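> predicted coordinates and the sequence they were generated for:
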Amino acid sequence: MFILTAGFINTPAQESSFPLIPKPEKTEWLEGKFSFSRNTGIACSDKVLQEYFISQVNALTGVKLNSGAASPAVIVLNLTKEKMDAEEYKLSITEKRAEITASSKEGLFRGMQTFFQLIPPAAKAGKNNSSVEMHCVNLSDKPRFSHRGLNLDCGRHFMSKDFIKRYIDILAYYKFNTFHWHLTEDQGWRIEIKKYPNLTKVGAWRKESDGSIYGGFYTQDDIKEIVAYAQSRYINIIPEIEMPGHSLASLASYPENSCTGGPFEPTNLFGVFNDIYCAGNEGTYKFLQDVLDEVIALFPGKYVHIGGDEAPKIRWKECPKCQAKIKAEGLKDEHELQSYFIKRMASYLTSKGKTVIGWDEVLQGGLAPGIIVQSWQSFEGAVDAAKQGHYVVCSPASHTYLNGSPENLDLRIAYSFEPVPPELNKEEAKYIMGGEVNLWTERAPQETVDSKLFPRILALAEVFWSDPKGRSYDEFYSRLQSYYPDMTALGIEYGQGSKVLNVNTSYDGKEKSFIIKADVTQSNVEVRYAIDKPLDNNSALYKEPFKINGTNTVQIGTFRNGRSLGDAVGLSFVFHKALNSKITLSTQYNERYRASGPEALIDGVRGSADFRDGCWQGYEGVDLDCVIDLGEEKEISTVAPRFFLDANSWIFLPSHVEISLSKDNVNYSDTKTVVNDTDQKTSDIIQKDFKASFGKAAARYIKVKAIGLKQCPEWHPYAGGKAWLMADEIVVE
Ligand code: ACM
Ligand code: ZN
């Protein structure tokens with residue numbers, strides 16, 4: 001064996017070729033290779049950890065290490081009496097020996113993950129190696145934060161027991177220590193409660209819009225199995241039972257816990273719903289305490305999460321029982337009633353020896369001491385909570401909500417996340433326990449979870465674990481590139497870290513065709529497209545811009561190694577007289593919903609039933625007011641702007657649209673007013689044309705003014721909040 005004592009190999013470039021995520025505190029790469037095979041002896045004073053190590057190495061490589069006394073131990077898992085932090089470990093791999101040292105089993109476990117990561121991806125991919133070679137290294141490591149979590153929403157989409165176990169292994173591999181299990185939602189109740197069987201008989205199943213039944217739940221035996229599995233991987237599970245909002249599935253099961261008495265169904269829609277637990281009904285508290293009793297019995301961890309977010313007060317305002325409770329308790333209003341509700345449930349859990357976590361809304365109206373705040377809306381909740389002496393899990397949507405598209409939250413933004421807000425002084429900063437990655441699953445069934453989380457979750461794994469001193473995004477990015485084969489070897493179906501595909505369309509007036517152009521920001525991806533049929537990995541390979549001459553539908557997306565990166569764009573086209581015209585907007589769209597930009601309303605591209613498809617242009621709290629200049633006088637028979645309604649997403653149709661024509665852009669005549677005749681108080685998602693007929697008028701300019709609601713109406717959960725107006729196209733015939 002030869003160790004380079006005079007100069008460890010430790011340049012950043014070389015470090016990148018031995019990827020480790022999260023990055024350890026100190027790494028010294030050594031000359032030489034260590035190899036192990038089925039004759040290699042292993043020793044550990046803890047037989048459970050030893051078994052885990054042997055089985056994990058076997059699963060990764062096919063090599064079964066030898067724990068028999070006859071072999072001298074070459075791999076040593078050493079529980080030392082030396083003073084080290086709880087999760088701290090040292091790892092030394094030389095040509096003769098590999099040793100992981102920690103003072104706790106947890107530390108040893110974290111160190112094992114580093115050993116597993118250091119096994120070359122090629123060996124992991126083979127899985128039937130007779131021996132495996134690893135690079136020699138000397139490293140020491142410990143985490144920055146004690147709380148490093150993933151919150152997975154199993155309410156909107158149910159995830160199988162095996163899938164959850166797989167994720168516990170994945171979390172462990174990247175040195176997370178917390179699995180926050182979001183178990184109840186408006187769309188589904190997922191945990192068996194023996195005292196209230198309807199929760200899973202009724203609440204776990206919803207009717208989808210096509211009439212099919214969707215759902216599932218975890219039996220108490222499933223949960224015990226998962227909890228034991230997580231314990232053996234040093235992952236703490238935090239169950240979340242939402243209250244008082246996001247509780248429709250529960251109320252569908254036991255409507256007597258609501259203000260109105262129901263009836264309700266678990267919903268197949270996504271958004272925020274008015275029907276929440278009745279806070280004036282003593283039965284509600286009894287019910288929730290009973291539920292929590294069973295939850296506590298299943299989850300041995302210290303924490304229980306009780307939600308507390310997004311609870312509209314509209315029912316409480318009208319409910320005699322809630323109003324009586326406000327009076328009886330001397331509360332000011334419904335916000336103080338929420339505070340009463342949360343404090344009461346928290347104090348119940350505290351009396352049972354649990355520590356309560358709630359989303360940052362629980363700060364409103366005052367919060368009892370000892371409750372942990374999980375901030376999601378911004379950093380403000382984290383700052384307020386820490387200044388008030390509450391411990392904080394910092395997980396702002398802006399940096400940790402990976403359900404969002406990488407267009408808005410890319411790898412760089414995720415990596416730039418700093419869980420300790422600069423407003424906090426050194427003492428206050430101690431209240432930041434760490435952070436969580438969040439995956440809300442409105443649009444993320446189980447089979448898409450990998451592609452939503454990876455690779456961005458790796459940026460956050462490093463933010464939560466590693467020392468930020470000297471951190472560089474470029475270094476991380478380059479380390480990540482050499483890490484992709486490892487993800488592949490582990491069977492992780494990663495998606496995109498940033499937006500890869502940009503599609504542009506233009507209209508060629510002479511040829512009367514649309515030209516579709518795709519650009520990619522990475523070199524190792526293929527772009528494929530399909531016209532009037534579904535897109536898959538055998539669809540036509542995009543080489544150059546192509547033309548569409550009819551009202552076709554085009555699917556276009558990127559693929560890597562035959563696998564979709566999940567960014568397919570669907571485009572459908574409409575030919576009309578305003579294509580290639582000029583449009584002047586007097587009101588400004590919101591950049592988040594810019595569609596193709598200033599010309600979007602006359603680009604010929606139709607929006608789909610998904611307002612996030614990049615074809616709908618959104619105006620927040622303002623009207624849509626514009627003038628189209630056709631460039632010359634044309635005969636006009638109809639003008640039809642199309643708008644979107646999805647009240648649950650705060651998007652409303654205009655109350656009316658005024659459309660007028662002009663030859664000179666000064667004198668407008670022939671004004672037609674199209675009044676909305678659709679009831680906006682609906683959960684339906686609707687696209688509606690506001691069509692005005694002009695017979696055979698001649699005009700060059702068309703003025704369209706859509707008068708929006710601007711604020712969510714009185715009956716809406718967010719009454720008074722800014723309302724959206726969304727349009728995809730103004731079709732001129
Ligand atoms: C949340 O995103 N409502 C916690
Ligand atoms: Zn009530």
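Cool, the structure landed. Ligands and ions are numbered 1, 2, ... in the order given.
> what mean pLDDT does the biggest strand by length in the chain have?
In the chain, assigned by DSSP state E, the strand with the most residues is strand 624-645. The pLDDT scores in strand 624-645 average 97.
> likewise stretch 518-534?
For stretch 518-534, mean pLDDT rounds to 90.
> can I get that stretch in PDB? Just the C-alpha atoms.
Extracted as PDB, the C-alpha positions of stretch 518-534 are listed here (Å, rounded to 0.1, in the frame of the first residue of the first chain):
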ATOM      1  CA  ALA A 518     -37.500  23.500 -30.300                       C
ATOM      2  CA  ASP A 519     -34.400  24.400 -28.400                       C
ATOM      3  CA  VAL A 520     -32.800  22.400 -25.600                       C
ATOM      4  CA  THR A 521     -30.400  23.700 -22.900                       C
ATOM      5  CA  GLN A 522     -28.600  20.400 -22.500                       C
ATOM      6  CA  SER A 523     -26.700  18.300 -25.000                       C
ATOM      7  CA  ASN A 524     -27.500  14.800 -23.700                       C
ATOM      8  CA  VAL A 525     -31.200  14.800 -24.500                       C
ATOM      9  CA  GLU A 526     -33.300  13.900 -27.500                       C
ATOM     10  CA  VAL A 527     -36.300  16.000 -28.600                       C
ATOM     11  CA  ARG A 528     -39.100  14.000 -30.100                       C
ATOM     12  CA  TYR A 529     -42.500  15.000 -31.500                       C
ATOM     13  CA  ALA A 530     -45.800  13.500 -32.600                       C
ATOM     14  CA  ILE A 531     -48.600  15.000 -34.700                       C
ATOM     15  CA  ASP A 532     -52.100  14.100 -33.800                       C
ATOM     16  CA  LYS A 533     -51.000  11.100 -31.800                       C
ATOM     17  CA  PRO A 534     -49.500  10.300 -28.400                       C
END
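> need the contact partners of that stretch.
The contact list for stretch 518-534, computed with C-beta atoms under 8 Å, 6 or more residues apart in numbering, reads 498-504, 516, 535-537, 539-542, 545-546, 548, 552-560, 565. Where C-beta positions appear, they are placed from N, C-alpha and C, glycine not excepted.
> list the buried ones in the longest strand of the chain?
Going by neighbour count (16 or more other C-beta atoms under 10 Å), the buried part of strand 624-645 is 624-628, 630, 636, 638-645.
> before we move on, what about stretch 549-560?
For stretch 549-560, a neighbour-count test (16+ other C-beta under 10 Å) marks 554-560 as buried.
> element containing the residue in the stretch 51-200 of the chain that ligand 1 sits nearest to, please.
Closest to ligand 1 within the stretch 51-200 of the chain is residue 151: 8.5 Å, counting by C-beta to the nearest ligand atom. Residue 151 belongs to strand 147-153 when assigned by DSSP states H and E.
> which strands or helices does that strand pack on?
helix 161-173, strand 178-182, strand 432-439, helix 456-465 (3 or more C-beta pairs under 8 Å, 6 or more residues apart in numbering; DSSP states H and E).
> and the angle from the next helix or strand after the last one to helix 456-465?
Yep, that's helix 456-465 we're talking about. Sequence-wise, the next helix or strand downstream of helix 456-465 (DSSP H and E) is helix 473-481. Angle of helix 473-481 versus helix 456-465, following axes from the mean of the first three to the mean of the last three C-alpha atoms, to 10 degrees, is 120 degrees.
> centre of the chain to helix 473-481, how far?
22 Å (C-alpha atoms, centre = their mean, to the nearest Å).
> any chance of CSV for the helices and strands packed on strand 147-153, columns distance to ligand 1, mean pLDDT and mean neighbour count?
Compiled in CSV, the helices and strands packed on strand 147-153 are given as follows (distance: least, C-beta to the nearest ligand atom, whole Å; pLDDT from 0 to 100; neighbours: other C-beta atoms under 10 Å):
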stretch, distance to ligand 1, mean pLDDT, mean neighbour count
helix 161-173, 20, 98, 19
strand 178-182, 9, 98, 25
strand 432-439, 7, 98, 25
helix 456-465, 16, 98, 26
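> right, and these - which one's nearest ligand 2?
Smallest distance to ligand 2 across these (C-beta to the ion): 24.6 Å, for strand 178-182.
> parallel or antiparallel, which strands does the closest one pair with?
strand 147-153 (parallel), strand 236-243 (parallel) (DSSP bridges).
> can I get the CA coordinates of the shortest one in CSV?
Meaning strand 147-153. Extracted as CSV, the C-alpha positions of strand 147-153 are listed here (Å, rounded to 0.1, in the frame of the first residue of the first chain):
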residue,chain,number,x,y,z
HIS,A,147,-33.8,18.1,10.9
ARG,A,148,-33.5,17.0,7.3
GLY,A,149,-36.8,15.9,5.9
LEU,A,150,-39.0,15.0,3.0
ASN,A,151,-42.7,15.7,3.2
LEU,A,152,-44.6,13.4,0.9
ASP,A,153,-48.3,14.0,0.2
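> mind checking the pLDDT average for it?
Strand 147-153 comes out at a mean pLDDT of 98.
> what's the angle between that strand and strand 432-439?
Using the same axes, to 10 degrees: strand 147-153 against strand 432-439 is 30 degrees.
> and for strand 147-153, what's in contact with it?
Here strand 147-153 makes contact (C-beta under 8 Å, 6+ apart) with 159, 164, 167, 171, 175-182, 185, 238, 240, 393, 395, 433-441, 444, 449, 453, 457, 461, 464-465.
> next one: the last one
The set of residues external to strand 236-243 that reach it, using C-beta under 8 Å, 6+ apart, is 149, 151, 155, 177-185, 191, 226-227, 230, 277, 288, 291-292, 295, 298-299, 301-309, 341-342, 345, 357.
> out of the residues you listed, which are inside helices?
226-227, 230, 288, 291-292, 295, 298, 341-342, 345 (DSSP state H).
> list just the nearest of those to residue 316.
For the ones in helices among the contacts of strand 236-243, the minimum distance to residue 316 (C-beta to C-beta) is 9.6 Å, reached by residue 341.
> touching, the closest one and residue 245? I think so.
No - applying C-beta atoms under 8 Å, one finds residue 341 not in contact with residue 245, separated by 10.4 Å.
> give me the more crowded residue out of the two.
residue 341 (28 against 24; other C-beta atoms under 10 Å).
> show me the contacts for that one.
243-244, 277, 279.
> mind redoing it with 10 Å?
Neighbour list for residue 341: 243-244, 276-280, 284-285, 288, 306, 308, 311, 316, 322, 325, 362, 365 [criterion: C-beta atoms under 10 Å, 6 or more residues apart in numbering].
> highest mean neighbour count out of the strands paired with strand 178-182?
Of all the strands paired with strand 178-182, strand 147-153 carries the top mean neighbour count, a mean of 26, counting by mean count of other C-beta atoms under 10 Å.
> what angle do helix 161-173 and that strand make with each other?
Using the same axes, to 10 degrees: strand 147-153 against helix 161-173 is 160 degrees.
> how distant is strand 147-153 from the center of its chain?
Computed by C-alpha atoms, centre = their mean, the separation of strand 147-153 from the middle of its chain amounts to 11 Å.
> next one: stretch 171-190
Computed by C-alpha atoms, centre = their mean, the separation of stretch 171-190 from the middle of its chain amounts to 12 Å.
> residues near the residue in the stretch 101-250 of the chain positioned nearest to ligand 1, how many?
Closest residue of the stretch 101-250 of the chain to ligand 1, C-beta to the nearest ligand atom: residue 246 (7.7 Å). Residue 246 has 25 neighbours, counted by other C-beta under 10 Å.
> what values do phi and psi take at it?
phi 50, psi 40 (degrees, to the nearest 10).
> so it sits right up against residue 187, yeah?
Yes - Residue 246 lies in contact with residue 187 (C-beta atoms under 10 Å); the separation is 9.0 Å.
> now the common contact residues for these two.
With C-beta under 10 Å, 6+ apart as the test, residue 246 and residue 187 both reach 155-156, 273.
> quick one: buried residues of stretch 661-671?
In stretch 661-671, counting by 16+ other C-beta under 10 Å, buried: 661-662, 668.
> closest to ligand 2 among those residues?
residue 668 (52.2 Å).
> show me what contacts that closest one?
By C-beta under 10 Å, 6+ apart, the neighbours of residue 668 are 627, 658-662, 699, 701-703.
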